[in-house]
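Visitor: take this sequence and fold it.
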Amino acid sequence: MPYAEHRVSLKQIHLGDETFRISTDASGDVLMRSVRRMGLIHPPILRPCGAGFVVVSGFRRLAACRALGIADIPARLLGSDAPDAECIEMAIADNSFQRQLNSIEISRGLRLLSTIYPDVRSLSAAALDLGLPDNPAMIGKLLLLSGLPREIQDGVVSEVLSMPMALELGQLDGSAGVVLTELFGYLKLGLNKQREILTLIQEIAHRDHLSVGDVLNTADTRNIVNHEKWDRSRKTVLLREYLKRRRYPRITSYEANFENQRQSLNLEPAVTLTPPRDFEGETFSFHIQFSNTEELQQRLFRIQEISSGSVLECILTGL
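Guide: Residues are numbered from 1 along each chain as shown. The predicted structure follows:
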């Protein structure tokens, strides 16, 4: 596509028109330092629109120039009759062949490209030519990302959320997905803990005929998350414990009862009593640590004493 390079006043550029925007990072210190020192090595691409210009590619560069107080810049100007389809392909190519795009930027590029190539086969072929993923299954998932709430998209960009988690949160009713995104980011949870908390909340909601938002918006949850003296690690532990108590009240009751009775046995640290997993079986186990036969005999004798007592009997019959 032919273009001419001219100097353009930033005041003439319609920065609010993001029709062709792919980039997610509005500005960046590294880019600002580069522009301050070297100027615009790679001028933005603009298309005339009335008395001004629409940005085809270069939103991050223009944001950096505006933050630096630069009044006018070099720009590559397309013809005013440049078709949207060609502008879209140029925007994608200008971004994808300069740097590695994040998944949201790829999603935005594919969404724009899908307006030109609505069928999967042609979309896949065009994506390959423009440096985007061409696998149809992956394209389908990536296209869904661009339709998610901005807060969830930001969670993907900041690596708070994986793509599968973002897509799952995007399916939740109302603002629940956004609230969970903010919660996961605040607590700095890894994927496994995110998955555990989401599953617990969904199971509670399903069992009690509530929405996910209802489960999240309880006084207990708010008190845990907003407590001023607890750090994030402590809040995470307490939130998981609270959700487990709600989801498995019988098991948590067993856990509390078992722990109280185990404490009353006064076991030394080298001897531990372990209940069946999730209290669903009938097999308990003792684990003994020793460094010589005398210690072993002493600890076996202590276990023998415990086995004839009433506390252990209560533990075994209390499940």
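
Visitor: and Leu46, that's in a strand?
Guide: Yes - assessed with DSSP: H, G, I helix; E, B strand; the rest coil, Leu46 lies in a strand.

Visitor: that one and Leu62 touch, don't they?
Guide: No - applying C-beta atoms under 8 Å, one finds Leu46 not in contact with Leu62, separated by 9.2 Å. C-beta here means a position set from N, CA and C on the backbone, and glycine is covered the same way.

Visitor: overlap in contacts of those two?
Guide: Both Leu46 and Leu62 are contacted by 13, 55, under the criterion C-beta atoms under 8 Å, 6 or more residues apart in numbering.

Visitor: dump the residue contacts of Trp195.
Guide: Not quite, residue 195 is Arg, not Trp. Residues counted as contacts of Arg195 (C-beta under 8 Å, 6+ apart) are Met165.

Visitor: tell me the predicted confidence for Gln263.
Guide: Here, the pLDDT recorded for Gln263 equals 86.

Visitor: what about it, how many neighbours?
Guide: Residues lying near Gln263 (other C-beta atoms under 10 Å) number 10.

Visitor: what's the distance between it and Gln289?
Guide: Distance, Gln263 to Gln289, by C-beta to C-beta, to the nearest Å: 19 Å.

Visitor: for this protein, name the helix or strand with the lowest mean pLDDT.
Guide: Ranking every helix and strand in the chain by mean pLDDT, DSSP states H and E puts helix 249-264 at the bottom, with a mean of 78.

Visitor: just checking, Val311 touches Leu265?
Guide: Yes - counting by C-beta under 8 Å, Leu265 is a contact partner of Val311 at 5.7 Å.

Visitor: can you give me the helices in the stretch 201-319 of the chain?
Guide: Counting by DSSP state H, counting those that start in this stretch, residue ranges of the helices within the stretch 201-319 of the chain are 212-216, 219-226, 232-247, 249-264, 293-307, 310-317.

Visitor: same list (those) but as CSV, adding distance to Glu282.
Guide: As requested, the helices of the stretch 201-319 of the chain are arranged in CSV below (distance: least, C-beta to C-beta, whole Å):
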stretch, distance to Glu282
helix 212-216, 33
helix 219-226, 33
helix 232-247, 22
helix 249-264, 13
helix 293-307, 16
helix 310-317, 8
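
Visitor: what's the closest of the ones you listed to Glu5?
Guide: Among the helices of the stretch 201-319 of the chain, the nearest to Glu5 by C-beta to C-beta is helix 232-247 (50.3 Å).
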